[in-house]
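**Q** A predicted structure for the sequence below; I have some questions about it.
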Amino acid sequence: MIELHKRSITYLPGVGPKKAEILLKEAKISSFEDLLYYFPYKYIDRSRFYTVSEIKENMPYIQLKGRILSFETLGEGRARRLVARFTDGTGALDLVWFKGIAYVKDKYSIGKEYIVFGKPAEFGHTYNIAHPDIDPVEQAGQVAGGLTPYYNTTEKMKKSFLNSRAIQNLQFTLLKLLDWQVPETLPSDVLERIKMVSMTEAMRNIHFPESAEQLKKAQLRLKFDELFFIQLNILQTAAYRKLKLKGLAFPLVGDKFNTFYKEYLPFELTDAQKRVIKEIRRDMGSGRQMNRLLQGDVGSGKTLVGLLSMLLAIDNDYQACMMAPTEILANQHYVTVMNFLGDMDIKVALLTGSTKKRDRAKLLPAIASGEINIVIGTHALIEETVVFSSLGLAIIDEQHRFGVEQRARLWKKNEVVPHVLVMTATPIPRTLAMTLYGDLDVSVIDQLPPGRKPVLTLHRYDNRKKELFEFLRKEIQTGRQVYVVYPLIEGSEKVDYKNLEEGYEVFTEIFSEYKVCMVHGRMKAADKEAEMQKFVSGEAQILMATTVIEVGVNVPNASVMVIESAERFGLSQLHQLRGRVGRGADQSYCVLVSSYKLSNETRKRLEIMVQTNNGFEIAEADLRLRGHGDLEGTRQSGIGIDLKIANLGSDGQILQYARDIANAVLNDDPELKQDAHSLLKERLRILFSRRINWGMIS
Ligand code: ADP
Ligand code: MG
């Protein structure tokens, strides 16, 4: 069989020296294998035409057939755009370009019939499609029917007639030359275990999908493959390193854990929670140091998993601590933990920046003597003066607010490093990238407690306040509570405060028959606490706040989250805020209030919030919208995570699975010495021989 990575692309019929050069320079394609692994970045279902009159809110990519009526250039600077009025006889909409204005104007003509693809967005009284794909109607035969793949191409490629369709033709030529057979990369024992499609079937369907279902299977197999080999490589080298790093062994699942589980747990754990607890137990019992990241969407019940882990530490005569990014959150964790534990014989302390001197003076010796079992707090926990008798487990909630350096300071509190559990509600790419070099193992709670209704998210312009107020009043009348949040922009707290204060005046007047409370960053901790308490107890119906309530606050009776100036928040922040509601059994709402003038990106951001409640999807969208950010950083530092199909933002679960399988293979055959695994060894050599040595990164 041909060794695909060794066969030069110039051997492919239709690729002469000129094209080969462009393919290499512009797309890094030099071998048959490179071409096969040049995957489409999207597919569009072209089996159906829509009419303008059929367009509704929140449609996916659609296909229209019609004519351009006019071109108009509007706006200035970054808002400069070309707007084409487009009609198919049933109605009209705008096609909009922010880039390549001259090119577009030159390429398309008024009056000619075109096929237009894109995602319609509502804009005032009309719809628009930004940066649509346009083909002359004569090409309908070529493009219509089934799922059409789209390949990334550059201007230079297009000039050399290497547009998306030409790439697809090359794929066809290559696969035909190979008799539609692609060498398998995985040995049969792995294939049997994962039950995914063969490499041959995957490659055929990724370039020529037979159906959406076949395409999904192909994507899954190829994503798995990509992540599996990366994991196999890391784990093989990391295993060696881990042998050298000792950890505390927690062999006992004892009295406290069992008593709590049997007698105090107010509800059944979800399967996902049970699985994660098992993973944590296995880690902490192994004698190696646990360094685990717990990802779970807002409201998935991470706190309880944290508490159960702390009980394991206590059962083994160690202390545990839980560190939160804000005082409000630390307080809340404290209350939650105290409530869960009831009258159990466990000493819990709260330590924050506003703990009184006198109380501190009592607490510190009790922590140092081991009398206190669990300490919950903020950054105050990492101060020099806080000394533990035997810290066995450190839990860090909402990881993205704590730097690696701060984590390291917690570790220094013992001779042997404590186990570390980091909990985060937004799977940020950086953490996933970290898993790629083995710093953190990952657990995922991919299930919400039963009976939760997904939060319904609405986007409203701020000139429609009256309806909003009516809606809020109706909710409050049924006994529910409402959050209203204002943005906080760094360095301009005064302005934010003013916004909040103005809002507060409006709300207290309009809702004069109800109690409105307010929380913001400039308040004294005690006042903050008192105001929060009014809302928690149900005395106040409306809580108005800046983002201090962002993380972790839990009031199940609150059913509406209103986010003012929603355009000023980032996606993960919006998602976090939304997570404050939908914690009870009733329908909850999140209302994103924005001004009418929005940039394309902002509009997308709000649209994504309306469309999905899934934190993984949101993280991926965030990554897409903001660009590679953190990932670029790792690239520059030479870690070179060059992924062709898997996405670190959205494929966390496949990554985890690939890691598990790689682990299983290595457990069985640590050095890949078995005959059946020679294929893996060879593939690792091909993939990573030119890369840096992962084992050297720590
Ligand atoms: P998060 O993952 O966002 O930190 P929390 O730990 O605050 O979520 O949990 C959200 C709510 O769900 C809390 O009120 C908690 O008591 C409740 N909860 C957690 N686990 C379960 C479960 N298995 N069944 C029912 N409710 C649960
Ligand atoms: Mg939480």
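**A** Yep, it's here. Ligands and ions are numbered 1, 2, ... in the order given.
**Q** so the residue nearest to residue 136 when sequence neighbours are not counted is in which element?
**A** What sits nearest to residue 136 in space, not counting adjacent residues and going by Cβ to Cβ, 6 or more residues apart in numbering, is residue 114, at 6.1 Å. Where you see a C-beta, it was placed from the backbone N, CA and C, and this is true even at glycine. Per DSSP states H and E: residue 114 is located in strand 113-118.
**Q** thinking again about what came up before, got a list of what the residue nearest to residue 136 touches?
**A** Residue 114 makes contact with 65, 66, 67, 68, 108, 134, 135, 136, 137, according to Cβ atoms under 8 Å, 6 or more residues apart in numbering.
**Q** Would you format these as TSV with distance to ligand 1 included?
**A** Listed next are the contacts of residue 114 as TSV, based on distance: Cβ to the nearest ligand atom, whole Å:
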residue	distance to ligand 1
65	47
66	47
67	51
68	49
108	49
134	44
135	46
136	52
137	51
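**Q** ok, and the most crowded of the residues you listed?
**A** residue 66 (21 neighbours; other Cβ atoms under 10 Å).
**Q** Burial check on residue 335, number of neighbours?
**A** For residue 335, using other Cβ under 10 Å, the count is 14.
**Q** Ligand 1 contacts on the stretch 301-450 of the chain?
**A** By Cβ under 6 Å from any ligand atom, the residues of the stretch 301-450 of the chain that approach ligand 1 are 301, 302, 303, 304, 425, 449.
**Q** For those residues, give me a markdown table that also has secondary structure and distance to residue 466.
**A** Formatted as a markdown table, those follow (DSSP: H, G, I helix; E, B strand; the rest coil; distance: Cβ to Cβ, whole Å):
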| residue | secondary structure | distance to residue 466 |
| --- | --- | --- |
| 301 | coil | 38 |
| 302 | helix | 39 |
| 303 | helix | 39 |
| 304 | helix | 41 |
| 425 | coil | 34 |
| 449 | coil | 36 |
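**Q** For those, give me TSV that also has neighbour count and pLDDT.
**A** Converted to TSV, those look like this (neighbours: other Cβ atoms under 10 Å; pLDDT from 0 to 100):
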residue	neighbour count	pLDDT
301	19	91
302	25	93
303	20	93
304	20	96
425	26	70
449	17	88
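**Q** how many other residues sit next to whatever residue of the stretch 1-150 of the chain ends up closest to ligand 1?
**A** Residue of the stretch 1-150 of the chain nearest ligand 1, by Cβ to the nearest ligand atom: residue 58 (26.5 Å). When neighbours are counted by other Cβ under 10 Å, residue 58 registers 11.
**Q** cool, residue 125 as well?
**A** 5.
**Q** Model confidence at it, what's the number?
**A** For residue 125, the pLDDT comes out at 78.
**Q** repeat for residue 491
**A** 49.
**Q** Next to ligand 1, which bits of the chain? Give me the list.
**A** Counting by Cβ under 6 Å from any ligand atom, the chain sits next to ligand 1 at 267, 269-270, 273, 296, 298-304, 425, 449, 554, 583.
**Q** what helix or strand is the residue positioned nearest the centre of the chain on?
**A** Nearest to the mean C-alpha position of the chain, by Cα atoms, centre = their mean, lies residue 619 at 2.6 Å. Assigned by DSSP H and E, residue 619 belongs to helix 615-626.
**Q** How is residue 210 assigned, secondary-structure-wise?
**A** Classification of residue 210 using DSSP: H, G, I helix; E, B strand; the rest coil returns coil.
**Q** so what's it up against?
**A** Residues residue 204 are the ones in contact with residue 210 under the rule Cβ under 8 Å, 6+ apart.
**Q** re the thing from before, what's the following helix or strand after the strand holding residue 114?
**A** Taking DSSP H and E, what comes next after strand 113-118 is strand 120-123.
**Q** From the chain's centroid, how far away is the helix or strand following that following strand?
**A** Once strand 120-123 ends, the next helix or strand along the chain (criterion: DSSP H and E) is strand 126-130. Centroid separation between strand 126-130 and its chain, computed with Cα atoms, centre = their mean, to the nearest Å, is 28 Å.
**Q** Remind me what the strand or helix carrying residue 225 packs against, helices and strands.
**A** In the assignment (DSSP H and E), residue 225 maps to helix 212-244. The contact analysis (3 or more Cβ pairs under 8 Å, 6 or more residues apart in numbering; DSSP states H and E) places helix 212-244 against helix 199-207, helix 652-668, helix 678-688.
**Q** Output these in TSV, with mean neighbour count and mean pLDDT appended to each entry.
**A** TSV is the format used below for these (neighbours: other Cβ under 10 Å; pLDDT from 0 to 100):
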stretch	mean neighbour count	mean pLDDT
helix 199-207	21	96
helix 652-668	18	90
helix 678-688	16	90
